[in-house]
Each structure stands twice: as C-alpha cells, then as structure tokens.
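Student: Got a predicted structure here, sequence first:
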Amino acid sequence: MSNGNKPGASLKRYAAVLRGSIMEALSFRASTFLRIAGNLIYLLIIYFLWRAIFDSSPVDTVNGMSFYDTMIYLVLAAAMFNFMDTFVVYRIGDDYQTGQIVLYLTRPIEYQPFLFFSRLGNCVISFFVTFMPTFLIVYFVTKGSIALGINLLFFVVSILLAIGVNFCIDFFVGIICFYTQSVWGVNIMKEVVVSLLSGATIPLAFFPEVFRKIVDVLPFQAIYHIPLHILTDKTMQLPDYMTSLGIQLFWLAVMLGISRLFWKGSVKGLTVNGG
Amino acid sequence: MEAIIKMADINKEFKVLKRREGIRGSIRDLFSRDYQILKAVNDVTIDIMPGEMVGYLGPNGAGKSTTIKMMTGVLEPTSGEILVNGRVPYENRTRNAQDIGVVFGQRSQLWWALPVIESFRILKEIYQISDRDFKDNLEYYDALVGASELYHKPVRQMSLGQRTLCDILAAFLHNPSIVFMDEPTIGLDVSMKSKIRELVGRLNKEKGTTIILTTHDMGDVDALCKRIVIIDKGRMIYDNDIEHLRSYFGAYRTIQIQFDRHAEDLDNEVLQQQALEVEAWLRSEFAGSESIAVSMEENWIQILINEEEVHMMDVVNCIQKQRQIADMNLQEISTERVIRKIYEGGIV
C-alpha cells in the first residue's frame, strides 16, 4: 500500500471484505441450490457419455484410466468448476460499462485484491455446499478409491493456489473487456479455452501427445488438472507433491505479475483517456 | 485560509476515434487511426475553501464529471495545476482517497445483499476508522435522521431514498475533508428530497465538510449552495454567489397570464396556440427587446421580460389590447429560469 499504513492494516481490510462476501454468498441460498441441481444434470450427461466411450473400447483402461478413474476425475472436476467460477469477468465488465469502477478508484483500496476477496466468499461457501458433498459421495460410492491421507493436505494448498491462478486469468480476461466493449463473447471464449486446456472437461491423459506438450507449458493445468491429480493419484510421493505445488506457485506468480501489469497499464489508459 | 481545492488553468483533452457511418464505415473503423481531440475541460480555474458548499452546475456533457474525476484523482489533467488537500490527486490517488468521500446518486457503494451496517463495518476497515470515531458517527447519524432503524435492513430491500440516505452517510463515515456529490437527489420524491437536503446541509455545517454538489435540480441549489460554479462546453462561465446571480437577473420578471377563467379545462394545443399568438403580438410591438420569452407551464402562459428593456405594464397593456386577460400573476425570476437562460443564451 502506498499510503504508509501500519502493517497488518491491509490484511484487516481484506479480511473485512472477505467476511462481507461470505455473508453475501450465504444470503443467496436459492442460487446455491440451483447450482447443485445444474451440477447433477451435468454429471448425468458425462456419466452416459463416458459410459458409451468405454463400452465402445475393447479394453478396460483407456490412456491409463479406467471408467471409474475417469468418472471420479470428472465428477470432482465439475464440483471444482462450480466453486471456481465466480463470474469475475462479468463483474469487471459490468463495473467498467456502468462506470462503477470510478467509485472503486476513489477508495483507498486496490481494485484487484478487493475484487478477489469480494468473490472469495462465494468460493468458500460453494466449497462446503457443493464440493464437499460431491467428494463424500464419490468417496463412499467408489468405496474408498480416493486415499485419505497426506494428499488431502496438499490438495487444500493446491486448491488455494488454483483459485489464485484462476482468478488472475479471469482478471486478465476481464480487463480485455475494457478494449472490446463486450463481455459475453470474451467470457465464452475464456470458458471454452480454460475448461478444455485445464482438464476440466476431458482429463489431460486423453490428450494426444503433441497437444499434451503444449498444455504442459500453459498455466491452465494449474487450475484443475494438478489439484485433482494430487487428490486422486495414489502413486504420488512427497517430491511429486512438491513439484506439482511448485508448478502452481510458479504460474500464480507469473499470472499475478501479468494481470497486475495489464491492470496498471489499463488504469493509466483510463485516467488519461477516461472511461 | 488556504484553499482546500486549487485548480489552475486545468485542461482535459480526450482522444476519440472518428466514427464513420454504416456497416462499411464500421469495418473501416476497426483499422482506423483517425483520432479526434475532444476538449472536455478548457482552462478551468477554481479555488475552494474549507467548509464551503459549492453547487457545480452545467448542462449534460458540459464537463462536470470530468472535473470531479480530476479532483478525485481518477483522471489526470492534460495540463494545468491541481491540488486537493495540498496533494496532486492523480499522483496520490490512494492517499487522496482516504480524505475524500464520493456519492453518486445513480450508483451505490453499499453491499447489495447485506444489511447496511455490514457495509459500514467493511468501510470502517477499508478507511481504518477508529472504533471511537465509528461509534460516534453512528450515534450522530441516529440523532440526525434516525438511521438506526435502517442499519439492519438489507440494501436491496430499501427504497431509493433510503439507499441514497445510507450512501450519503457512508461517504461521511471516515470524516473526509471533502465530499463530492453527483446528483444525490436524482429520482427522489419531494419529501425525500427535502430530507436529503437537510441532511447534507447539516453535515456541511456541523462537520465542516467541504461539499462539491453537482446537480440539475435547482431546488438543491436554492436550499444548499451559497456559491455556484457554472460550466458549459468545458469552459467556466460563472463562479460567484448565488445572490449575485439573482441580482444580475433582478430586472427579470415572469408574468403569468390566463385568457379563460377555466384554463385548466382547455386543451394543451389551444393554450399552445394562445402562447404563440401572444409571442407574435409582443414581437411586433417590442421588436428591439431580445429578452422576451414566452412559454407554457401548467395552464399558464409565461412571459419572461427584462424590465430594463420593457416595462411590465406596457407588456400587459399590449396583450390586453388584443384580448381580455382573465387572470394574472407576477413572479420574481427563479434560479431555475436564471440557470436555463445562462445555458441557453450564455448571458453572463
């Protein structure tokens, strides 16, 4: 913070924003239940789709994954998608188009972290309302095919990093709306790219070799693929966990840097040429 | 006393893309580098003293918001000097933000789904308001407008008036030295308007807060502002006491007349026709006086005259000669008329 406040002051600011956003998320009960229902329908679709794919295959494991592995992966990916998608792009686009962004610029708080914490409440609530139940159902239905051990701890850390990376990508895409003057198209584009390249709709194991190599050098795998891998892959050892988290941390740093630079440049444009 | 806001020779230019017409034009626009310079604010110089309440007026698109945005540090002037609380706002946006409050009548900084007290608590942390100041202000607000009744109501369930009230209180919560208000009474009913005006007036007096009020409602100006600044097409065209403005137009009178006892039963078109006739009579009789303006309001035909040019009695006589006047009213010119005359004619 540039205004020389006592240390810890910024933290208290954002804690207050997070507290507000959790209360706000709790007040929208109906939308939470609708999301759960929508999620169930999606799960039915992927169940039948992948059932058909595996039934048409002569072997039980495709690309090293059995039908069960695939389903566990996709069900959990869907549950994660539900709490990761906090409509940040729409919020930024809306703030920009309505001019509300000016109001945020007249306050002694930075827009990017403010937005992050004002959306994080939604993640926190959705985590408990949609992800946890889904996880428990998967755990009991598959009779313990997910290990309950140190992987859970790493998974929680990994999820937090994933939320960060996802937010930075969303934030970056949101600022693109300053230039395109349209939000919907930009957001659809982002969703398609992210959900495909992050392994949210198709496990990355199914990708062709070349494609896989490209995905490996992109930040998107840090959102769904890595946390889910940490959660479900029983063969991972401590160094593997560390490597995975390291990759996420790397992408978080990179995306945070890029999105902040883009924001700084765009605000400069705003202040020079108006909104 | 040192001015709290100093603006000297401030200019603000925007670069806008020249748009062409039609689909072909739109496609060519995609690759066009054909920019046009738009002067939004032109050589504006204003000094505002601590504790002042200034009405900042001007027609739509005159450059009001642009000026306010420069004062809040959101926009950087193209040239000129600006100091707010002794700081250059666009270089110290966050620091400046700590000492100012902003109210936009059409936007809210409150959290939509939460009780308003929660928004206040978040603001308490954002502005690092001490527990004591926070408590004092809440009590003060309660004494002022009985605000505690609203504290636990979610903002989305509030009426526009209640929400505006809370937004104003929120802007004063951190005891800012300056509060910018952009049309705070827009869309409100008469009683709510007067309540908001009373509140703003008291906050200005009792807290000594400097207030810059942008509005199109002359009622706001009459009730609150001693000093007004008028800007049009980016240029400042008036900066003085409101009394001075009224005395400038002191020779202006409005004559209201009706030709029929029951004018309220007449069609609008009939009245319109009468007004046009009256205008024609006066134009031919007093060809030299530019100031005569005839208009319609409610069921009355209104004639605005400048007594330095024509005498009221001559005007009335002229009309009476043509047609029997049934009812008549004489009024001082209202602030509203004065401002409208300035916008339309640039008389000052």
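Tutor: Perfect, I can see it now. Numbering: from 1, shown residues only, chains lettered A, B, ... in the order given.
Student: Now the residue sitting nearest the centre point of chain B. Nearest residue, chain neighbours left out?
Tutor: Closest to where the C-alpha atoms of chain B average out (CA atoms, centre = their mean) is B:T215, at 1.7 Å. In space, B:T215 comes closest to B:E183 once its chain neighbours are excluded; the distance is 5.5 Å by CB to CB, 6 or more residues apart in numbering or on different chains. All C-beta atoms are positioned from the backbone trio N, CA, C, and that covers glycine.
Student: Angles on the backbone of the one you found, please.
Tutor: Phi and psi for B:E183, reported as degrees, to the nearest 10, are phi 50, psi 60.
Student: on that earlier part again, might one say that the residue nearest to the centre of chain B is in contact with B:F180?
Tutor: No - checked against CB atoms under 8 Å, the pair B:T215 and B:F180 is beyond contact range at 11.9 Å.
Student: okay, and the common contacts of these two?
Tutor: Listed as contacting both B:T215 and B:F180 by CB atoms under 8 Å, 6 or more residues apart in numbering or on different chains is no residue at all.
Student: contacting residues for the residue in the stretch 151-300 of chain B positioned nearest to chain A?
Tutor: Closest contact between the stretch 151-300 of chain B and chain A, by CB to the nearest CB, is at B:P154 (7.4 Å). Taking CB under 8 Å, 6+ apart as the definition of contact, the neighbours of B:P154 are A:27, B:112-116.
Student: and what of B:H152?
Tutor: Counting by CB under 8 Å, 6+ apart, B:H152 makes contact with B:115-117.
Student: Can you tell me which residues in chain B are near chain A?
Tutor: Within chain B, the positions adjacent to chain A are B:14-15, B:40, B:66, B:69, B:72-76, B:90, B:92-95, B:97-98, B:100, B:102, B:104, B:107, B:109, B:111-114, B:118-119, B:121-122, B:124-128, B:154 by CB under 8 Å from any CB of the partner chain.
Student: Can you select the buried ones from these in ChimeraX?
Tutor: Those of the residues of chain B next to chain A that count as buried under 16 or more other CB atoms under 10 Å in any protein chain shown are selected in ChimeraX with:
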select /B:14,40,66,69,72,73,74,75,76,90,92,93,94,95,97,98,100,102,104,109,111,113,114,118,119,121,122,124,125,126,127,128,154
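Student: Just the residues of chain B next to chain A: which are in helices?
Tutor: Taking DSSP state H as the definition of helices, the residues of chain B next to chain A contribute B:66, B:69, B:72, B:93-95, B:97-98, B:118-119, B:121-122, B:124-126.
Student: Give the closest residue to the residue of the stretch 1-150 of chain A at minimum distance from chain B in space, chain neighbours not counted.
Tutor: When distances are taken as CB to the nearest CB, the stretch 1-150 of chain A approaches chain B most closely through A:A16, which lies 3.5 Å from it. Taking CB to CB, 6+ apart as the measure, A:A16 lies nearest to B:E125, with 3.5 Å between them; neighbours along the chain are not counted.
Student: Show the model's pLDDT score for that neighbour.
Tutor: pLDDT recorded at B:E125 is 94.
Student: Can you say which helix or strand has B:E309 in it?
Tutor: Assignment of secondary structure by DSSP states H and E places B:E309 within no helix or strand.
Student: Ramachandran coordinates for it?
Tutor: With angles defined as degrees, to the nearest 10, B:E309 shows backbone torsions of phi -100, psi -50.
Student: Now it. Nearest residue, chain neighbours left out?
Tutor: Closest residue in space to B:E309, ignoring its immediate chain neighbours: B:S289 at 3.9 Å, by CB to CB, 6+ apart.
Student: Show me how chain B divides into domains.
Tutor: Chain B is divided into the following domains under automatic domain parsing: B:5-10+B:44-247, B:251-332.
Student: Highest mean neighbour count out of the ones you listed?
Tutor: Compared across the domains of chain B, domain B:5-10+B:44-247 shows the largest average neighbour count, a mean of 19 (mean count of other CB atoms under 10 Å in any protein chain shown).
Student: count of residues packed around the closest residue to chain B within the stretch 151-275 of chain A?
Tutor: Sorted by distance to chain B under CB to the nearest CB, the residues of the stretch 151-275 of chain A start with A:T271, at 4.9 Å. In terms of burial, A:T271 registers 18 neighbours under the definition other CB atoms under 10 Å in any protein chain shown.
Student: can you pull out the helices in the chain?
Tutor: Picking chain A for this. Chain-ordered helices for chain A, with DSSP H as the definition, fall at A:9-27, A:29-55, A:67-84, A:88-98, A:100-105, A:111-126, A:132-141, A:150-180, A:184-197, A:209-216, A:225-232, A:238-273.
Student: hm, I was asking about chain B
Tutor: B:22-31, B:64-72, B:93-98, B:116-126, B:131-145, B:160-172, B:190-207, B:218-224, B:242-248, B:268-285, B:312-322, B:335-345.
Student: now those in TSV, with distance to A:T134?
Tutor: What follows is those, written out as TSV (distance: least, CB to CB, whole Å):
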stretch	distance to A:T134
helix B:22-31	45
helix B:64-72	46
helix B:93-98	41
helix B:116-126	30
helix B:131-145	42
helix B:160-172	38
helix B:190-207	48
helix B:218-224	55
helix B:242-248	65
helix B:268-285	66
helix B:312-322	83
helix B:335-345	62
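Student: one step back: can you tell me which residues contact the residue of the stretch 1-150 of chain A closest to chain B?
Tutor: B:121-122, B:124-126.
Student: Identify the residues contacting the spatially most central residue of chain A.
Tutor: The residue lying closest to the centre of chain A (CA atoms, centre = their mean) is A:M84, at 3.8 Å. Shown here is A:M84, whose contacts under the criterion CB under 8 Å, 6+ apart are A:123, A:162-163, A:166, A:223-224.
Student: Over to B:R28?
Tutor: Residues touching B:R28, when contacts are defined by CB under 8 Å, 6+ apart, comprise B:R20.
Student: got it, and B:F31?
Tutor: Residues touching B:F31, when contacts are defined by CB under 8 Å, 6+ apart, are absent altogether.
Student: any weak-confidence spans in chain A?
Tutor: Along chain A, segments meeting pLDDT under 70 span A:1-8, A:272-275.
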